[in-house]
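> here is the input, now give the coordinates:
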Amino acid sequence: MRLKDKVAIVTGGASGIGKATAREMVREGAMVLIADLDDEAGQTLAEELNNTIYLKTNVTSFDDVKHMMNKIDQEFGRLDILFNSAGINVTEKRNQFAIDTVRNVIDINLVGSMLTSKSAEEIFKKQRSGSIINTASVLGHIGKIRSLAYTASKAGIINMTKTLALEYAKYNVRVNTISPGYINTPFLDESRELIETYIQSLIPLARLGAPEEVAKMVVFLASDDASYITGADFKIDGGYLAK
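Residues are numbered from 1 along each chain as shown. Next up is the predicted model:
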C-alpha cells in the first residue's frame with residue numbers, strides 16, 4: 001500500500017499504460033481520477049475499481065483541465081500524483097508534411113502535459129508536496145523515419161520535465177519522466193505485425209513489454225520510495241536503447 005490515502009490523476013487513463021497504472025495505483029491504496037475522452041471505457045473502468053471517478057477531459061483544452069483540477073479539489077481536497085499518460089502517435093505519409101497532423105500530435109503529447117502540470121501548480125504549492133510523472137518514449141531519445149512530430153513531442157517532454165523539476169523543487173514537488181519502449185498496448189496496432197516479426201532483433205529481452213510493467217515504475221516514482229528522485233528519465237524498454 002505504497003500510495004495509501006494519496007490522490008492521483010491519470011490522463012489517458014481509460015486504456016493502455018494509463019489504464020494499467022490506474023489499476024495499480026488503486027491496488028496500492030490511491031484514490032484516482034481517470035481523465036480521458038473515451039466515455040465508455042473510462043466509465044467502465046471507474047465502475048470496476050474502488051475509489052475511482054471518471055471525468056471526460058481534453059488535455060489540450062484549458063477549460064477542461066481547469067475543470068479537472070477543480071473536480072479533484074472538490075472530490076478529494078488534495079492532489080498528490082499527476083500521471084500524464086495521454087498521447088497519440090501518427091505515422092506520417094512518405095514525402096508529405098501535414099501541418100495539422102503535426103500540431104495535433106504536439107498539442108496532445110507535449111502541450112497537454114505542460115498544461116496539466118502547470119494547472120496543478122497551485123494545488124501542489126499549497127500542499128508543499130506532490131509528484132508528476134510525464135510519459136515520453138524511447139523515441140524521444142532517438143530519431144525515427146516518418147515520426148517527426150512524435151519524436152519531437154517526446155523529446156520535448158523529457159526537457160520540459162527537467163525544467164519543471166527545477167521550478168517545482170521549492171514546493172517539494174518531484175517531476176520525472178518515463179520512456180517506454182515497445183509496450184503491448186493498442187498504441188502498437190498500426191505496426192504490430194512488423195514489430196512482432198522483428199521483435200528479437202529490436203529488443204534484447206526479445207518480447208514486448210506489458211503495460212503493468214510500466215505501471216509499477218510509475219507507482220514507484222509516485223511513492224515516497226522515490227523521495228529523492230526528480231528531473232530524471234527512466235527507460236522501460238527491454239534494453240532497446242542499450243544497443
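> tally of neighbours for residue 142?
Per other C-beta atoms under 10 Å, the neighbour tally for residue 142 reads 11. All C-beta spots, glycine's among them, are computed from the backbone N, C-alpha and C.
> could you look up the SS state of it?
Using DSSP: H, G, I helix; E, B strand; the rest coil, the structure places residue 142 in coil.
> quick one, grab the pLDDT at it.
pLDDT for residue 142: 96.
> what distance do you get for it to residue 81?
29 Å (C-beta to C-beta, to the nearest Å).
> pull the contacting residues for the one residue sitting closest to the centre of the chain.
Centroid-nearest residue in the chain: residue 85, 2.2 Å away (criterion: C-alpha atoms, centre = their mean). For residue 85, the contacting residues are 10-13, 16-18, 21, 135, by C-beta atoms under 8 Å, 6 or more residues apart in numbering.
> recalculate using a threshold of 10 Å.
Contacts for residue 85 (C-beta atoms under 10 Å, 6 or more residues apart in numbering) come out as 9-22, 35-36, 59, 113, 133-135, 178, 180, 214-215, 218.
> please apply the same query to residue 135.
The contact partners of residue 135, by C-beta under 10 Å, 6+ apart, come to 11-12, 17-18, 21, 83-87, 109, 113, 154, 157, 161, 177-180, 214, 218.
> and what of residue 82?
By C-beta under 10 Å, 6+ apart, residue 82 lies in contact with 7-11, 33, 35, 69, 72, 113, 116-117, 119-120, 123-124, 130-134, 173, 175, 222.
> what does residue 49 give?
19, 22-23, 25-27, 31-32, 34.
> only the buried residues of whichever strand or helix holds residue 42, if you could.
Secondary structure assignment for residue 42, by DSSP states H and E: helix 39-48. Buried residues in helix 39-48, defined by neighbour count with 16 or more other C-beta atoms under 10 Å: 41-43, 45-46.
> go on, stretch 45-62?
Neighbour counts over stretch 45-62 (16+ other C-beta under 10 Å) mark 45-46, 49, 52-60 as buried.
> with stretch 104-116 instead?
So, applying 16+ other C-beta under 10 Å, buried residues of stretch 104-116: 105-116.
> and if you look at stretch 2-19?
2-3, 6-19.
> which of the residues you listed lies closest to residue 149?
Closest approach between the buried residues of stretch 2-19 and residue 149, by C-beta to C-beta: residue 12, at 17.4 Å.
> not counting its neighbours along the chain, what's nearest that closest one?
Excluding its sequence neighbours, the residue lying closest to residue 12 (C-beta to C-beta, 6 or more residues apart in numbering) is residue 86, at 3.3 Å.
> the one you found contacts residue 36, correct?
Yes. Contact criterion C-beta atoms under 10 Å: residue 86 and residue 36 qualify, at 7.3 Å.
> which elements pack onto the lengthiest helix in the chain?
Ranked by residue count and defined by DSSP state H, the top helix of the chain is helix 148-168. If you count contacts as 3 or more C-beta pairs under 10 Å, 6 or more residues apart in numbering; DSSP states H and E, helix 148-168 packs onto helix 99-106, helix 112-119, helix 121-127, strand 130-135, strand 173-180, strand 233-236.
> okay if I get those as TSV plus mean pLDDT and distance to residue 199?
TSV is the format used below for these (pLDDT from 0 to 100; distance: least, C-beta to C-beta, whole Å):
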stretch	mean pLDDT	distance to residue 199
helix 99-106	92	25
helix 112-119	98	29
helix 121-127	96	40
strand 130-135	98	22
strand 173-180	98	15
strand 233-236	98	16
